[in-house]
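Novice: Need coordinates for the following:
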Amino acid sequence: MDSNDLIQFIKGRRSYRKFLDKEIPENELGQLIDTIKHCPTNSNNQDTRLTIIKDRQKLKEVSDVCVNFFKIKAEVASKAFPRTEEDQRLIDYGAKLLELQKTDIDPIFYNASAVIIFHTDKDCCQRNDNCVIASTTMSIIARSMGIESTYMGLFEYASQSSKEIWDVINLPETDQIYSAIILGYPSYEYPNDIERKPLNVTWF
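Specialist: This is a model prediction of the structure:
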């Protein structure tokens, strides 16, 4: 792949939330995991840790805990006065997630084949950067294998406050989640590239 092909490849990346009911082969997941060893980390600590969830029952359990977290947050936000923009967002998220939960759609992980959670020690230097670099690298390489992804901001947000999430996935208390993505084979393709806002660039 030359540089122009790579540029177009990256420009064509989109967030996917609809996937085929198709498992990702273990050897392909293994390849993706292996690439993370080669991602840059602060002081070459190589301390990014991964938790991978493929089991459908476990995915549903974690998703249900997340939805319940936002339900409670929405109930608290609805009683706030005056109501802030963040309060309103939590109310909207709570309503949307509960509505989706009534369907066959997983409102947190969208029936993806796998969830990859990137975490490390809370006291690790540049911990957030290390995990985001790893998750971004995995997303790009996954795309080259026909596997699409989406960053799971709601899950990461909930994980920062919900002890239940930690109990369900049995993460060490010394760690914190700094990134999470869903992976799967897309059930559709985006027909066109989209325009992006121009970058704010300063030159010297």
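Novice: Going by C-alpha atoms from here, please, whenever you check contacts or count neighbours.
Specialist: OK.
Novice: Only the buried residues of the lengthiest helix in the chain, if you could.
Specialist: When the chain is parsed with DSSP state H, its longest helix is helix 56-78. Neighbour-count burial for helix 56-78 flags 59-60, 62-71, 73-74, 77 (criterion: 16 or more other Cα atoms under 10 Å).
Novice: tell me the helices in this protein, going along the chain?
Specialist: 3-11, 26-36, 56-78, 85-101, 127-144, 153-159, 163-169.
Novice: possible to save those as JSON lines with distance to Y185 and mean pLDDT?
Specialist: Compiled in JSON lines, the helices of the chain are given as follows (distance: least, Cα to Cα, whole Å; pLDDT from 0 to 100):
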{"stretch": "helix 3-11", "distance to Y185": "17", "mean pLDDT": "88"}
{"stretch": "helix 26-36", "distance to Y185": "12", "mean pLDDT": "94"}
{"stretch": "helix 56-78", "distance to Y185": "16", "mean pLDDT": "95"}
{"stretch": "helix 85-101", "distance to Y185": "21", "mean pLDDT": "92"}
{"stretch": "helix 127-144", "distance to Y185": "9", "mean pLDDT": "93"}
{"stretch": "helix 153-159", "distance to Y185": "20", "mean pLDDT": "94"}
{"stretch": "helix 163-169", "distance to Y185": "24", "mean pLDDT": "92"}
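Novice: which one of these lies closest to Y178?
Specialist: Comparing those by their distance to Y178 (Cα to Cα), the top pick is helix 127-144, with 5.4 Å.
Novice: list the helices and strands that closest one packs on?
Specialist: Using 3 or more Cα pairs under 8 Å, 6 or more residues apart in numbering; DSSP states H and E, the elements in contact with helix 127-144 are helix 26-36, strand 114-121, strand 148-151, strand 175-184.
Novice: would you list these in CSV and tack on mean neighbour count and distance to P191?
Specialist: Shown next, in CSV, are these (neighbours: other Cα atoms under 10 Å; distance: least, Cα to Cα, whole Å):
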stretch, mean neighbour count, distance to P191
helix 26-36, 13, 26
strand 114-121, 21, 25
strand 148-151, 24, 15
strand 175-184, 24, 19
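Novice: Any chance of CSV for those, columns distance to I105?
Specialist: Shown next, in CSV, are the helices and strands packed on helix 127-144 (distance: least, Cα to Cα, whole Å):
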stretch, distance to I105
helix 26-36, 24
strand 114-121, 15
strand 148-151, 15
strand 175-184, 14
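Novice: With that, I have no additional questions.
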